[in-house]
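Need coordinates for the following:
(one chain, ligands or ions: 1)
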Amino acid sequence: MGIRRHLHQRYNLLHVGGINGQKYETEEFSYRTADGKCNHPGDDIIGSQGTFFGRNMLPANSRYGLLDPHPTVVANKLLARNKFVDNGKQFNMIACSWIQFMIHDWIDHMEDTQQVELKAPDKIADGCPLKSFKFYKTKKVSTGSSYMKTGSLNTRTPWWDGSVIYGNNEDGMRKVRAFKDGRLRIAGDGLLEHDEKGIPISGDVRNCWAGFSLLQALFVKEHNAVCDMLKENYPDFDDEKLYRHARLVTSAVLAKIHTIDWTVELLRTDTLLAGMRINWYGFLGKKIKDLFGHFGGPVLSGLVGLRRPRDHGVPYSLTEEFVSVYRMHSLLPEKLILRDIHSTASEYECPPVVEEVPMREMAGKDGERRLSEVGMKQMLVSMGHQACGAVKLWNYPSWMRNLVAHDINGEDRPDQVDMAAMEIYRDRERGVARYNEFRRNLLMIPISNWEDLTDDEEVIEALRDVYGNDVEKLDLLIGLHAEKKIKGFAISETAFFIFLLIASRRLEADRFFTTNFNSRTYTEKGLEWVNQTENLKDVIDRHFPGMTKKWMKCTSAFSVWDSEPNQTTYIPLYLRPAP
Ligand code: HEM
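Reported below is the predicted structural model:
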């Protein structure tokens, strides 16, 4: 994996746009700014809101048109859910909401003011939830460079800076702050506050649903708890100082949970468990790093705490291809299963079902209302016990094929969209390579026939129906969903190679996870908080004492809660044989 990551760092990082920021005094900005400016040590603009998406490969060299084959045909024949298929016990609804929570920290494409209309071809129109629908094009912006003439802009800050709760600019940040003791606004029931239109008050409110707002509220609680701890230890800190330090700490907790808890459950193998822990703690592990600090480079002590950020000569951004491999809406089910947390079920037993609520009712403003009736505790325990969907063909949520999408302010759009068809269109519109070209560009062996992709006869027949025998035409999203998976992986290997590169980059390119990951910047107690929080369970335990003890049998809060815990094995991690 190390060699592969090295090759991708060398060949799969492309900068889009000019570099027109300025030098600044890093010492004056020892905190995360509202819009992501002043993180890169030599340039104030890199990684800030509104900068270009980078690329992992050149734009597609495709001879196929935007409608070849028609996106609604692809959606109908290959994505539409026949019957909900879940992920088994590996990944629950908290894990599904978590990744949306992270996506809304990192990426969103700026839209154009011009719309496109997709009309389903006559022969399939009757089988489509929407026979035609309109949506805004992705805004194409001139880069001012002759190398890649246009690109698209990220409306969120790509740093791992918690912008999903803190906002992506000064206005967003002002909205969420209480301006007292560093704290963020939160309602009396522990959930997010809402404005007069019923839209939640949070860092990012677009396409929200109850599970997503629940995580936002949980981490607002976490931020506020960090503020209280800091105030107790450093009584002379004012509101601003408390806020800045608590943001650093909470963002690091988010990044750590994602790295050594969520990802480890997504790619459940010993190799990845070792790999992700090495990214955070290094080969020598937590105990040594806690004792001696960071020494001996990234392999021995991990990426976190490196002396200087590393961008491999390419300014930090998240990439078009990264967005595409994270198109995982099939994680979402048709219904949310609410459970009775007042039942007398014995320890670890799955609490009885009280109601199965259609996901549509859990989304947007309706979802916010439902969540306030249900409350945080019941929602967390319910999501913990429900498996999320599997990332595979014919598992795209039906309710998303006729979806009221939000604009950037969280307001309902007047036109409904077929998300499945739109996602196929989006990758093509943004010049993301189709599956085979994508693999070649990632130094992977391309497929020569459908049998190289999958053993499933039914899938092969459907692929042939849509793409004939032209494997080059296969859309990336379809290839990623059809690909045979490595045992333990909830996603494809092709998607994983982009993760391998970008997951490391989010840590190693960030000044606040490298040069400034120290007690001077975080405070001693703040750094201790990060070092002592190992996973999501620790955060849940902090805010809901007794909950995991009563309801969670498994090891990680991201697996289905009544599943068996990881077995104790006496063979040291690095010596375990590959399965
Ligand atoms: C109720 C839950 C969700 C809703 C209503 C929702 C809705 C949407 C909508 C409307 C878009 C914009 C589509 C476009 O204009 O191109 C979008 C984009 C996206 N969503 Fe979701 N989504 C949800 C959950 C998730 C989850 C669980 C993931 C998992 C990874 C995810 C990943 C993405 C990604 C990667 C994009 C592309 C962002 C971009 O174009 O920059 N979403 N989603």
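
switch to C-alpha atoms for all contacts and neighbour counts from now on
Will do.

Quick one: name the residues of the stretch 401-550 of the chain near the ligand.
Counting by Cα under 6 Å from any ligand atom, the residues of the stretch 401-550 of the chain close to the ligand are 405, 423, 426.

so which helix or strand takes in the last one?
Okay, so that is R426. Using DSSP states H and E, R426 falls within helix 419-429.

State the next helix or strand along the chain beyond that helix.
Assigned by DSSP H and E, the successor of helix 419-429 is helix 435-441.

What segments of the stretch 151-300 of the chain are helices?
163-166, 170-176, 210-233, 239-257, 263-266, 270-281, 285-292, 297-301 (DSSP state H, counting those that start in this stretch).

Could you confirm whether any residue of the first one contacts the ligand?
No. Helix 163-166 does not reach the ligand (Cα under 6 Å from any ligand atom); its nearest approach is 13.4 Å.

helices or strands up against that helix?
Helix 163-166 sits against helix 93-106, helix 170-176, helix 210-233, with contacts defined as 3 or more Cα pairs under 8 Å, 6 or more residues apart in numbering; DSSP states H and E.

Out of those, flag the one nearest the ligand.
helix 93-106 (4.3 Å; Cα to the nearest ligand atom).

need the next SSE after that closest one, C-terminal direction.
strand 111-119.

Strand partners (parallel or antiparallel) of that next one?
Sheet pairing of strand 111-119 (DSSP bridges) gives strand 132-138 (antiparallel).

can I have the strand it pairs with written out in PDB, keeping just the CAs?
Output of strand 132-138 as PDB, limited to C-alpha atoms (Å, rounded to 0.1, in the frame of the first residue of the first chain):
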ATOM      1  CA  SER A 132     -38.100  14.600 -17.300                       C
ATOM      2  CA  PHE A 133     -36.400  16.800 -14.800                       C
ATOM      3  CA  LYS A 134     -34.400  19.900 -14.600                       C
ATOM      4  CA  PHE A 135     -31.300  20.800 -12.600                       C
ATOM      5  CA  TYR A 136     -28.500  23.400 -12.600                       C
ATOM      6  CA  LYS A 137     -25.400  22.700 -14.500                       C
ATOM      7  CA  THR A 138     -22.100  22.500 -12.700                       C
END
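
can you give me the offset of it from its chain's centre?
Put simply, strand 132-138 sits 24 Å off its chain's centre (Cα atoms, centre = their mean, to the nearest Å).

Give me the buried positions along that strand.
132-135, 137-138 (16 or more other Cα atoms under 10 Å).

Can you spell out which helices and strands pack onto the helix or strand that it is followed by?
Later in the chain than strand 132-138, the nearest helix or strand by DSSP H and E is strand 141-142. Applying 3+ Cα pairs under 8 Å, 6+ apart, one finds that strand 141-142 makes contact with strand 150-151.

Sheet partners, orientation included, of the strand it packs on?
strand 141-142 (antiparallel).

ok, and what's touching the partner strand?
149-153 (Cα atoms under 8 Å, 6 or more residues apart in numbering).

if we can go back for a sec, highest mean neighbour count out of the helices of the stretch 151-300 of the chain?
helix 163-166 (a mean of 27; mean count of other Cα atoms under 10 Å).

Centre of the chain to that one, how far?
Using Cα atoms, centre = their mean, the offset of helix 163-166 from its chain centre is 13 Å.

re earlier: mind giving me a markdown table with the helices and strands packed on helix 163-166 and columns for mean pLDDT?
Shown next, in a markdown table, are those (pLDDT from 0 to 100):
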| stretch | mean pLDDT |
| --- | --- |
| helix 93-106 | 98 |
| helix 170-176 | 98 |
| helix 210-233 | 98 |
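
what about the ones you listed, which gets the closest to R183?
The closest of the helices and strands packed on helix 163-166 to R183 is helix 210-233. By Cα to Cα, the value is 5.2 Å.

how far out from the middle of the chain is the closest one?
Counting by Cα atoms, centre = their mean, helix 210-233 comes out at 19 Å from the chain centroid.

quick one on the thing from earlier: between the helices and strands packed on helix 163-166, which gets nearest to K77?
Using Cα to Cα, the nearest of the helices and strands packed on helix 163-166 to K77 is helix 93-106, at 24.6 Å.

Quick check: which helices or strands does the closest one pack against?
helix 163-166, helix 210-233, helix 376-385.

what's the last one packed up against?
Read that as helix 376-385. By 3+ Cα pairs under 8 Å, 6+ apart, helix 376-385 packs against helix 93-106, helix 210-233, strand 335-339.

Get me the contact residues on the stretch 201-350 of the chain for the ligand.
207, 209, 323, 326-329, 331.

Could you dump these into JSON lines with neighbour count and distance to T533 added?
JSON lines is the format used below for those (neighbours: other Cα atoms under 10 Å; distance: Cα to Cα, whole Å):
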{"residue": "N207", "neighbour count": "21", "distance to T533": "29"}
{"residue": "W209", "neighbour count": "23", "distance to T533": "27"}
{"residue": "V323", "neighbour count": "18", "distance to T533": "28"}
{"residue": "Y326", "neighbour count": "16", "distance to T533": "26"}
{"residue": "R327", "neighbour count": "18", "distance to T533": "29"}
{"residue": "M328", "neighbour count": "20", "distance to T533": "28"}
{"residue": "H329", "neighbour count": "19", "distance to T533": "29"}
{"residue": "L331", "neighbour count": "26", "distance to T533": "27"}
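
Return the closest of the residues you listed with respect to H258.
Nearest to H258 out of those is Y326 (Cα to Cα; 14.3 Å).

Quick check on that closest one: phi, psi?
The phi/psi pair for Y326 (degrees, to the nearest 10) reads phi -90, psi 10.

Which pLDDT value goes with it?
For Y326, the model assigns a pLDDT of 98.

cool, and S62?
81.

what residues are up against the residue in the chain that the ligand sits nearest to?
Using Cα to the nearest ligand atom, D108 is the residue of the chain that sits closest to the ligand, at 3.4 Å. D108 makes contacts with 154-156, as judged by Cα under 8 Å, 6+ apart.

Please apply the same query to S324.
427, 432, 476-477.

For D456, state which of those residues is nearest.
Distances from D456 to those, taken by Cα to Cα, are shortest for L477, at 17.3 Å.

Help me confirm that that closest one comes into contact with H329.
No. In this structure, L477 is not within contact of H329 by Cα atoms under 8 Å, at 10.9 Å.

returning to what we had before: among the contacts of D108, who's most crowded?
Of all these, the most densely surrounded is R156 (27 neighbours; neighbours counted as other Cα atoms under 10 Å).

Any regions of the chain where pLDDT drops low?
579 (pLDDT under 70).

Mind doing that once more with 90?
For the chain, the stretches with pLDDT under 90 are 18-21, 61-63, 127, 144-147, 296, 343-350, 567-579.

Pull up the residues of the stretch 1-150 of the chain that are close to the ligand.
96-97, 99-100, 107-109.

picking up where we left off before, can I get the contacts of S324 in JSON lines including neighbour count?
Formatted as JSON lines, the contacts of S324 follow (neighbours: other Cα atoms under 10 Å):
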{"residue": "D427", "neighbour count": "22"}
{"residue": "V432", "neighbour count": "25"}
{"residue": "L476", "neighbour count": "25"}
{"residue": "L477", "neighbour count": "23"}
